[in-house]
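Enquirer: Pasting the sequence and the predicted coordinates here, then a few questions.
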Amino acid sequence: MSRASGGSAALARLWPGRTDRLIIAPHDLRTTDATRAAEIYAGRFVFAGKIVTCHGRSIFDLEPPSEDWEVSLLGFGWLRHLRAADTAITRANARSLIDDWMSNPSRKRPVSRRADVIARRVISLLSQAPLVLGDTDGKFYRRYLRSLSREIRSLRYALSHAPDGVPKLQVLIALCYASLCLANQARHIRTATRKLSDELQRQILPDGGHISRNPGALIELLIDLLPLRQTFAARNIAPPPALLNAIDRMMPMLRFFRHGDGSFALFNGMSNAPSHLLATLLAYDDTHGVPMAHMPHTGFQRLEAGQMTVIIDTGPPPPSSVSHDAHAGTLSFELSSGPSRIVINCGMPSTGRDNWRAFARGTPAHSTMTYHNTSSCQFIERSAMKKFLQGAPIVNGPHVVESYREITSNGTILTTSHDGYHPRFGVTHRRVLMISEDGSKLEGEDIVAAAPGARLKGSNTDYALRFHLHPSVKASRLSDARGVMLVLPNRDVWTFEALDDKVELEDSVFLAGNDGPRRTAQIVIHQNAQQTSSIRWSFARSASSPSQTTARRNARREPELPL
């Protein structure tokens, strides 16, 4: 992997003396795979889990197997694999494919004109220019530059109707790159820099989180912002303070959302994060410190003790304009011990999202309480309105989400609550978590409380407490149906207990895996608020083998929870 500090490639030596020329190519931090170049040369394009073989036809004429595949093709990020091979054949292949694209009517396809896709394509064509232009002739160079200029003009037009959030920032990042990489762009540099600075200040919150509350947004943005910072330096232009400040705030958030195995917590649309990409980004984190315990502006808490890590969503849903991928997971948490993840949220697959989107965004796909099998947020459901709004934003959800942290002699207590179910059912969900000082036990209590002076509304007072388990955890329900024994990949044994309630093991799905959705299990406790308004539970590490843990548990008396 290369560091952006290695410098952007200067292109002026390729075509000296031209005023309408590319003068620099930004660095691409994304991982490359030279073996992919051979596949592309053979006419096999593998994107988003789908394979398309050209059989002598233009890849741009073929029907895409999915929208994700088409976005990857038309973003031209695959050029970096051809550059990694760095042979005369791959350079010629890259020019041939780009020449095909420049003369192909499919450029007018709807996906190709999406603001985020144009932005990705512009950045790819700029960063991979040394591959394409290194040993070409003046005629192709001029065609390339004219095509790139058209893309940049389209991008400036697309800015006004780019979706809010990450897509809008991606457009502005691409426009900054374009103004820095082309000659005689002083006016555009000032304009693009000012607009990017304004948008970074609006979208990157003071604690470093993104306004969408999706941890994955940090990865998507930093992979372009870090090389952009270096591109400013390579042009001897001071990077704007807003860019430097945003990067400095975002980097610690990468560590905040990481579990012991290096994976990211699955909140608000987060999918699988490639470990090599995270390693590249974290190489730029100069602090290397312990993550902050509380991110008040983004709305997350982190509890750590010993080898245990608990990450909790303690914030309301994001603004509607950036909530198209947000989930109804308020007060959900994830639990890991060392390199083993134990409790997770289902997450979102990296491809084929439309098949799972409705389920993944619902509260039952999260490790929290679900009241009457209803999500704590409401989404736009009418198909015509969803198409107009380019998705299904959250239109209602928790407004008041509170959290209070207390350090005691026995550990740390976090008390949280949200009112997402209050308008429809007249109840508030309150969750109390206590992590022991040595990290060997997590105790919790979930409470369904009616509004002060009010009674529970109607007969729909059933609720369920769910703890989705990582697929690597082997779970077996104990004989008394009050607990579950969990065996981790490293053979550590943990026990889940709910001494006053019957525990079920039900099917679940882990959506954020490298190899697509995987079957897993979830611990579920069903209750009725009219009869029982609270559930107490615990996860505890056992120092014994699975058989010894079962025998000891059957023999001991039931202790009282300290909550």
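Expert: Here it is on my side, so go on.
Enquirer: drop to CA atoms for contacts and neighbour counts, all remaining ones
Expert: Will do.
Enquirer: which residues touch the residue lying closest to residue 357 once chain neighbours are set aside?
Expert: With sequence-adjacent residues excluded and distances taken as C-alpha to C-alpha, 6 or more residues apart in numbering, residue 357 is closest to residue 348, at 7.3 Å. Each residue near residue 348 by C-alpha atoms under 8 Å, 6 or more residues apart in numbering is listed here: 266, 269, 270, 271, 272, 356, 357, 360, 511, 512.
Enquirer: neighbours of residue 158, just the number please.
Expert: Under the neighbour criterion other C-alpha atoms under 10 Å, residue 158 is assigned a count of 19.
Enquirer: next one: phi and psi at it?
Expert: Main-chain dihedrals, residue 158, degrees, to the nearest 10: phi -70, psi -20.
Enquirer: ditto for residue 362
Expert: phi -70, psi 160.
Enquirer: Tell me where the stretch 201-350 of the chain has strands.
Expert: 294-295, 300-305, 308-313, 333-337, 340-344 (DSSP state E, counting those that start in this stretch).
Enquirer: mind checking the SS state of the residue lying closest to residue 188 once chain neighbours are set aside?
Expert: Leaving aside its sequence neighbours, residue 188 sits nearest to residue 179 (C-alpha to C-alpha, 6+ apart; 5.7 Å). Secondary structure assignment for residue 179 (DSSP: H, G, I helix; E, B strand; the rest coil): helix.
Enquirer: which residues touch residue 179?
Expert: Residue 179 neighbours (C-alpha under 8 Å, 6+ apart): 185, 186, 188, 189, 192.
Enquirer: how does it look with 10 Å?
Expert: Residues counted as contacts of residue 179 (C-alpha atoms under 10 Å, 6 or more residues apart in numbering) are 22, 152, 185, 186, 187, 188, 189, 190, 191, 192, 193.
Enquirer: quick one: the third one and residue 23 touch, right?
Expert: No: contact between residue 185 and residue 23 fails when scored by C-alpha atoms under 10 Å: they sit 11.0 Å apart.
Enquirer: So for the two, which sits in the more crowded spot?
Expert: More crowded of residue 185 and residue 23, by other C-alpha under 10 Å: residue 23, with 21 against 14.
Enquirer: closest one to residue 64 among the strands of the stretch 201-350 of the chain?
Expert: Among the strands of the stretch 201-350 of the chain, the nearest to residue 64 by C-alpha to C-alpha is strand 340-344 (33.2 Å).
Enquirer: partners of the closest one, with directions?
Expert: Partners of strand 340-344 in the sheet, by DSSP bridges, are strand 333-337 (antiparallel), strand 462-469 (antiparallel).
Enquirer: ok, back up a step: would you turn the contacts of residue 348 into JSON lines with neighbour count, pLDDT and distance to residue 111?
Expert: Supplementary listing: the contacts of residue 348 in JSON lines, determined by neighbours: other C-alpha atoms under 10 Å; pLDDT from 0 to 100; distance: C-alpha to C-alpha, whole Å:
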{"residue": "266", "neighbour count": "28", "pLDDT": "95", "distance to residue 111": "27"}
{"residue": "269", "neighbour count": "26", "pLDDT": "89", "distance to residue 111": "21"}
{"residue": "270", "neighbour count": "24", "pLDDT": "92", "distance to residue 111": "23"}
{"residue": "271", "neighbour count": "25", "pLDDT": "89", "distance to residue 111": "22"}
{"residue": "272", "neighbour count": "20", "pLDDT": "85", "distance to residue 111": "24"}
{"residue": "356", "neighbour count": "15", "pLDDT": "88", "distance to residue 111": "21"}
{"residue": "357", "neighbour count": "17", "pLDDT": "87", "distance to residue 111": "20"}
{"residue": "360", "neighbour count": "27", "pLDDT": "93", "distance to residue 111": "24"}
{"residue": "511", "neighbour count": "26", "pLDDT": "94", "distance to residue 111": "25"}
{"residue": "512", "neighbour count": "22", "pLDDT": "91", "distance to residue 111": "25"}
